[in-house]
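**Student:** Need coordinates for the following:
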Amino acid sequence: MNTSVLFPSCNTATLDPYIPDGTNPWNVQKVKHTYRRLGFSANQLEVDNALALSPNDFIDNLVDNAFNLPPTATPVWGNWSYNDFTDYETENEQYIQDWLKQTGNDFLTDDLRGRMVAFWLNHFVTGLETYYYAPYLYQYYNVCQSHALGNLKDFVHAIGITPAMLIYLNGFENTNVEPNENYARELYELFTLGEGNGYTQADITATAEALTGWNHWDDYGAPIYFDASTWVDGNKTIFGQTGNWNYDDVINILFQERGTLVANYICEKLYKFFVSPEVDASIQANIIQPLAQTLINNNFELVPMLKQLFKSEHFFNERAIGVVIKSPFDLIFGYVKETGFFYNDSLMEYFLYYSGVLGQQLYNPPNVAGWQRDEDWINSSTLTGRWQGIENYLWILYDGGFQNSFVDFAKDLTNDSNDPAFITQVLIDHFVPKQLFTATDYDAATDIFKWEVPQNYYDDGIWNLDWPDAWYQVALLLKHIATIPEFQLK
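**Tutor:** Sure thing, here's the model as predicted:
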């Protein structure tokens with residue numbers, strides 16, 4: 001059943017640029033909304049700096065900085081083949097673990113570029129467990145990072161001949177002796193057009209033949225290159241076009257003959273990722289299709305379309321705030337950014353392990369369709385795991401001697417207040433996209449924060465955040481906040 005027909009979107013705002021006014025101000029809530037969707041959240045200083053800008057300039061800065069950010073430096077082993085290793089088993093494992101941590105660090109520091117890379121890793125899906133080879137992992141990531149905000153057509157061309165993809169979807173096995181249709185099918189079904197949308201089985205068969213030949217290397221683990229000796233040399237008909245097509249031709253024909261469908265499919269996926277998982281007929285007509293036309297008008301350059309969406313009244317509408325369930329990456333990376341608490345590579349290992357336990361193992365989506373996100377992140381087991389993961393992080397910090405950072409965090413946010421109700425509300429509001437539903441919810445949290453300290457200590461102003469056990473009180477409150485339903489949303 002198409003529930004969007006029964007339950008149309010509540011967000012009826014347009015793609016017109018958002019211009020603040022007295023009834024719809026540019027405020028902390030909208031800045032945090034932007035950072036939670038277009039990055040992995042932000043610290044208080046970043047929020048304050050954004051408030052000094054207009055929404056237009058803020059979005060321009062985020063997008064332009066992401067577009068201009070240079071790729072992560074190539075590790076010394078990034079383009080090795082097997083014979084370049086001294087101790088393959090040990091070194092390959094170590095380099096893979098190093099790159100997992102590097103990716104997590106990039107997500108934390110790269111704002112929109114990190115968020116876009118996370119999107120593309122779940123769109124052009126591969127599975128590390130399939131190839132488990134450090135150089136191919138780096139090369140796959142580098143292609144996703146280098147094209148994250150670039151030209152979509154160039155991206156589609158580049159990703160299909162990365163070794164990780166050639167191995168994961170059997171392109172390496174696709175020869176004129178035995179054509180393999182796996183990548184051809186997913187190129188259309190999942191990567192560019194959508195299931196059953198604008199292609200036939202005959203198109204898949206012909207495309208698979210055109211994609212043959214990418215199955216040669218000079219050494220195990222070396223770059224995979226094209227060799228005409230295993231390519232199907234002969235006419236193929238793809239989307240009504242007949243010729244002796246090869247890999248380059250497939251991409252050209254796809255965007256020439258099905259460009260409108262490609263643009264619409266990609267824009268809808270980006271909309272669901274950045275704005276709302278719900279797309280009804282009105283959203284399709286008034287938001288997705290105009291975005292797709294912008295993408296086409298700009299020769300499939302992503303930046304103009306992204307700016308149009310991110311600057312819009314629709315993106316900043318009240319109905320767009322707090323309607324997406326945080327992924328495990330959102331949960332932990334956003335928490336680190338919003339608190340400013342300590343982390344290092346050892347803690348990054350914990351973050352990635354924790355995300356994997358909650359169902360998001362970096363570089364290993366469940367299948368070629370990727371994580372389906374939103375409600376799929378929450379069940380009876382992962383919900384308690386989300387709470388426990390945050391709690392464990394707090395106690396890891398305590399064991400490492402960082403408990404004073406809990407108090408410093410509370411002092412900075414509340415201007416060193418000694419009012420427990422005020423402190424509680426400020427800390428809760430810092431982490432949730434919208435205020436809690438009732439005052440009773442804040443009262444219950446305040447009682448947790450006040451802990452065992454006698455009430456007269458608060459009444460008489462004796463207690464403050466320099467109290468010897470204040471760090472523990474803040475930790476109790478932070479632990480409680482992680483269990484609040486609104487905390488799971490962004």
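
**Student:** Just the CA coordinates for stretch 365-384, please, in CSV.
**Tutor:** The C-alpha trace of stretch 365-384 is given here as CSV (Å, rounded to 0.1, in the frame of the first residue of the first chain):
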residue,chain,number,x,y,z
PRO,A,365,25.8,-2.7,4.7
PRO,A,366,23.5,-5.7,4.9
ASN,A,367,23.3,-6.1,1.1
VAL,A,368,23.6,-4.2,-2.1
ALA,A,369,20.5,-2.1,-1.4
GLY,A,370,22.2,-0.7,1.7
TRP,A,371,20.7,0.3,5.0
GLN,A,372,17.1,1.4,4.7
ARG,A,373,17.5,3.8,7.6
ASP,A,374,14.9,5.6,9.7
GLU,A,375,12.5,3.2,11.4
ASP,A,376,14.8,0.3,10.6
TRP,A,377,17.3,1.6,13.1
ILE,A,378,14.9,1.1,16.1
ASN,A,379,13.8,-2.1,17.7
SER,A,380,13.6,-3.5,21.2
SER,A,381,17.2,-4.6,21.1
THR,A,382,18.9,-1.6,19.4
LEU,A,383,16.9,1.0,21.4
THR,A,384,18.4,-0.2,24.7
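
**Student:** what is the rounded mean pLDDT of it?
**Tutor:** Here stretch 365-384 scores 95 as its mean pLDDT.

**Student:** Buried residues, it. List them.
**Tutor:** In terms of neighbour count (16 or more other C-beta atoms under 10 Å), stretch 365-384 has its buried residues at 365, 368, 371, 373-374, 377-378, 382. Using the backbone N, CA and C atoms, a C-beta is placed for each residue, glycine as well.

**Student:** Cross the residues you listed against helices and list the overlap.
**Tutor:** Thr382 (DSSP state H).

**Student:** out of the buried residues of stretch 365-384, who's nearest Phe226?
**Tutor:** Nearest to Phe226, judged by C-beta to C-beta, of the buried residues of stretch 365-384 is Val368 at 23.2 Å.

**Student:** and the nearest residue to the closest one once chain neighbours are set aside, what does it touch?
**Tutor:** Spatially, and ignoring its direct neighbours in sequence, Val368 is nearest to Val125 (5.1 Å; C-beta to C-beta, 6 or more residues apart in numbering). Going by C-beta atoms under 8 Å, 6 or more residues apart in numbering, Val125 touches 168, 190, 365, 367-370.

**Student:** please redo it, this time with the cut-off set to 7 Å
**Tutor:** By C-beta atoms under 7 Å, 6 or more residues apart in numbering, the contact set of Val125 is 365, 368, 370.

**Student:** Mind telling me what element it is part of?
**Tutor:** Under the criterion of DSSP states H and E, Val125 resides outside all helices and strands.

**Student:** what's the distance between it and Leu306?
**Tutor:** 21 Å (C-beta to C-beta, to the nearest Å).

**Student:** ditto for Gly400
**Tutor:** Relative to Leu306, Gly400 is positioned 39 Å away (C-beta to C-beta).

**Student:** Comparing those two, which shows the higher neighbour count?
**Tutor:** Leu306 (25 against 13; other C-beta atoms under 10 Å).

**Student:** ok, now which ones touch that one?
**Tutor:** Neighbouring residues of Leu306 by C-beta under 7 Å, 6+ apart: 63, 149.

**Student:** Helix, strand, or coil at it?
**Tutor:** helix (DSSP: H, G, I helix; E, B strand; the rest coil).

**Student:** That one and Phe67, how far apart?
**Tutor:** 9 Å.

**Student:** So which residues make contact with stretch 330-349?
**Tutor:** Stretch 330-349 is contacted by residues 36, 40-43, 101, 104-105, 107-108, 326, 351, 354-355, 386, 389-390, 396-397, 402, 405, 409, 430-431, 490 when judged by C-beta under 7 Å, 6+ apart.

**Student:** Now intersect the residues you listed with the helices, please.
**Tutor:** Here DSSP H is the test, and those give 36, 101, 104-105, 107-108, 351, 354-355, 386, 389-390, 396-397, 405, 409, 430-431 as lying in helices.

**Student:** According to the record, where do the domains of the protein fall?
**Tutor:** For the chain, automatic domain parsing gives the domain ranges 23-323, 328-488.

**Student:** Tell me which of those domains is the most buried.
**Tutor:** Among these, judged by mean count of other C-beta atoms under 10 Å, the one packed with the most neighbours on average is domain 23-323 (a mean of 19).

**Student:** Next, give phi and psi for Leu169.
**Tutor:** The phi and psi torsions at Leu169 (degrees, to the nearest 10) take the values phi -110, psi 30.

**Student:** do the same with Ile238
**Tutor:** Residue torsions, per degrees, to the nearest 10, at Ile238 are phi -130, psi 120.

**Student:** Who are the contact partners of it?
**Tutor:** Ile238 neighbours (C-beta under 7 Å, 6+ apart): 203, 206-207, 210, 245, 250, 253.

**Student:** cool, and Cys144?
**Tutor:** By C-beta under 7 Å, 6+ apart, the contact set of Cys144 is 117, 120-121, 124.
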